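> got a predicted structure here, sequence first:
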Amino acid sequence: QLYEGFDEEYACPILDEDRVVDELEDRMGQGGVIVDYHGCDFFPERWFHVVFVLRTDSAFLYDRLQARGYTGKKLQDNIQCEIFQTLYEEAMLSYKKEIVHQLPSNTPEDLERNLDQIMQWVEQWVKDNN
């Protein structure tokens with residue numbers, strides 16, 4: 001029930017950002033939550049101690065999105081978004097620069113390294129803050 005409609009051009013639901021924030025508010029206040037989403041400008045800054053932006057080379061991304069069935073404007077807009085670093089810039093404008101980090105996400109090996117790096121960050125944060 002967190003959608004306000006359907007975007008025919010992009011063939012996806014339209015997220016009601018206010019309802020998402022309302023739904024997550026109590027959970028986020030408790031801490032220990034990881035949010036996985038491809039945008040961030042509507043999430044309150046107070047929710048996050050760190051923000052990781054996964055980056056993908058456009059050649060890898062093109063093949064990945066095509067395999068998911070993306071075509072036309074949806075495919076091209078997603079590729080342009082990555083080329084122009086739109087989500088990274090959004091994160092840098094939405095949160096303190098020192099908590100925003102880019103991680104490569106091209107290969108399965110990158111995924112493993114990213115998981116290790118994030119877990120190390122979480123473990124260090126817990127040590128430093130408990």
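Great, that's in hand. Residues are numbered from 1 along each chain as shown.

> quick check, distance from the longest helix along the chain to the centre of its chain.
Using DSSP state H to define each element, the chain has its longest helix at helix 108-129. Its chain's C-alpha centre and that of helix 108-129 lie 16 Å apart, by Cα atoms, centre = their mean, to the nearest Å.

> what's the burial count for the closest residue to residue 50 other than its chain neighbours?
Ranked by Cβ to Cβ, 6 or more residues apart in numbering and with sequence neighbours excluded, the top spatial neighbour of residue 50 is residue 99, at 5.1 Å. In short, each C-beta sits where N, CA and C put it, glycine included. Neighbour count of residue 99, defined by other Cβ atoms under 10 Å: 13.

> and residue 99, what does it touch?
The neighbourhood of residue 99, defined by Cβ atoms under 8 Å, 6 or more residues apart in numbering, consists of 48, 49, 50, 51.

> with just CA atoms, put the longest helix of the chain into CSV.
Output in CSV follows, covering the C-alpha atoms of helix 108-129 (Å, rounded to 0.1, in the frame of the first residue of the first chain):
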residue,chain,number,x,y,z
PRO,A,108,30.1,-11.2,-8.4
GLU,A,109,33.6,-10.6,-6.9
ASP,A,110,32.6,-6.9,-6.4
LEU,A,111,29.5,-8.0,-4.6
GLU,A,112,31.5,-10.2,-2.2
ARG,A,113,34.0,-7.4,-1.5
ASN,A,114,31.2,-4.9,-0.9
LEU,A,115,29.5,-7.3,1.6
ASP,A,116,32.8,-7.7,3.4
GLN,A,117,33.5,-4.0,3.4
ILE,A,118,30.0,-3.1,4.7
MET,A,119,30.2,-5.8,7.4
GLN,A,120,33.6,-4.4,8.5
TRP,A,121,32.1,-1.0,8.6
VAL,A,122,29.1,-2.2,10.7
GLU,A,123,31.4,-4.1,13.1
GLN,A,124,33.7,-1.1,13.6
TRP,A,125,30.7,1.2,14.1
VAL,A,126,29.3,-1.1,16.8
LYS,A,127,32.7,-1.2,18.6
ASP,A,128,33.0,2.6,18.4
ASN,A,129,29.4,3.3,19.5
